[in-house]
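Chemist: Kindly return the folded structure for what I paste below:
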Amino acid sequence: MLRTVKPRNARSKRALEAREAKEVEDVRTAIFVKGTHTGEVVNGVMKELMALKRPDAISFSKKNTIHPFEDASSLEFWAGKNDASMFLMGQSTKKRPAGLIIARTFDSRLLDMCELGVDKFVSMAEFKTPKSTPGHKPMIHFASELFDTHPRFIQVKSLLMDLFNGEVIDSICLPGLEHVISVSIAPAPALQTANPILGDAQEEDVQNLPKIHIRTYTVKLLPSGMRVPRVELMEMGPFLDLSLRRHQAADPEMWKAAMRRPKLKKQDLEKGLGKKKKNMEVDEMGDLRGRVHIAKQDLDKLQTRKMKGLKSTPAEEDGSSGRQRAGGRPSTEKAKAGLRVIVLIVWSCTCPSRG
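Modeler: Residues are numbered from 1 along each chain as shown. All right, here's what the predicted structure looks like:
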């Protein structure tokens, strides 16, 4: 069962609410930890990967005695202390030289992890080419079907996506695409002839699994005479050749809780998050605007303020204003006007003249 932490005061309650699951998650912070024995290759790899992860990276300078596959309490403590959900640990031993462990946590508890062996490493310093700006969101390309079919490579793809994926955005400007991380798999003829999808029987045979190649390139946009520019890739580094080693799959109950989408609050729905509603949009100022469709209105039946001068006469309501009725009798208004004229004539004849 997953533990539930109850806040003791209002401050701790706000801190827990800030770390709750969100519909749009924040950028994952990664902690880079060194083991008791690290060689020059492991130190160089961690330094280069941290340069790609900046500014969402925390480096522990001191060496630590950690064994994640035996005891993950240290990782869980650091995850809760630093509000981080990714770990990259470097360890080099006689049995497993030049090893990297990528771990992922959920709710400050270890979710899953995978150990990779560094077979070849080429640093950025060996490529005399321009480098990308730290903090820019990279493009990630996975060039193999095994990343969608084999369980081990599916886990590696998920871990790399969470490690390098930056802030969730809706759109991006072309000059903002500065570098590409290409992840491919080395050919394995023996496995492909036996089973192209690498069945379950071959899953635990790590020696027969193909190696993973990670290449990083900078994007150069050149004029092409059209609206879309011509794209060229330049080697930036680092270049890594990795081999699969130990791994720990996620607990089914914890994985189900990690994949569950939280319920959106009313203010989040008003901001346009979650499922898009019809005829509703949020403008640049953050105000919610809606469009209402109604039937055609009859303005003659529109209720207005009742004023004496705006009242219609019975003749106007019947549509015979200023005209003679069907029976040949004059209308009421015309009769009243005639009576006024007669009264004025009589009054002028009877009144004595002045002067």
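
Chemist: which intervals of the chain have sub-threshold pLDDT?
Modeler: The model of the chain has pLDDT under 70 over residues 1-4, 21-24, 188-205, 262-277, 306-313, 315-355.

Chemist: so where do the helices sit in it?
Modeler: Taking DSSP state H, the helices of the chain run over residues 10-18, 40-53, 73-82, 146-149, 151-164, 189-194, 252-259, 266-270, 314-318, 332-350.

Chemist: W78 and S85 touch, don't they?
Modeler: No: assessed by Cβ atoms under 8 Å, W78 is found out of contact with S85, at 10.8 Å. Glycine gets a C-beta too; all of them are placed from N, C-alpha and C.

Chemist: Please say which of these two ends up with more neighbours.
Modeler: Neighbour count, other Cβ atoms under 10 Å: between W78 and S85, S85 has more, with 22 against 19.

Chemist: what's the spacing between that one and E48?
Modeler: Relative to E48, S85 is positioned 21 Å away (Cβ to Cβ, to the nearest Å).

Chemist: tell me which residues in stretch 73-81 are buried?
Modeler: The neighbour-count check on stretch 73-81 (16 or more other Cβ atoms under 10 Å) flags S74, L75, W78, A79 as buried.

Chemist: Columns distance to V42 on top of the residues you listed, output as JSON lines?
Modeler: Formatted as JSON lines, these follow (distance: Cβ to Cβ, whole Å):
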{"residue": "S74", "distance to V42": "18"}
{"residue": "L75", "distance to V42": "18"}
{"residue": "W78", "distance to V42": "19"}
{"residue": "A79", "distance to V42": "22"}
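
Chemist: out of these, who's nearest L100?
Modeler: L75 (14.6 Å; Cβ to Cβ).

Chemist: Can you give me every residue that contacts that closest one?
Modeler: Neighbour list for L75: I66, P68, F87, A103, T105, L110 [criterion: Cβ atoms under 8 Å, 6 or more residues apart in numbering].

Chemist: Angles on the backbone of A98, please.
Modeler: phi 50, psi 60 (degrees, to the nearest 10).

Chemist: For the buried residues of stretch 73-81, name the two members farthest from one another.
Modeler: Every pair of the buried residues of stretch 73-81 checked by Cβ to Cβ; the farthest is S74 and A79, at 9.6 Å.

Chemist: Narrow the contacts of L75 to those in strands?
Modeler: F87, A103, T105, L110 (DSSP state E).
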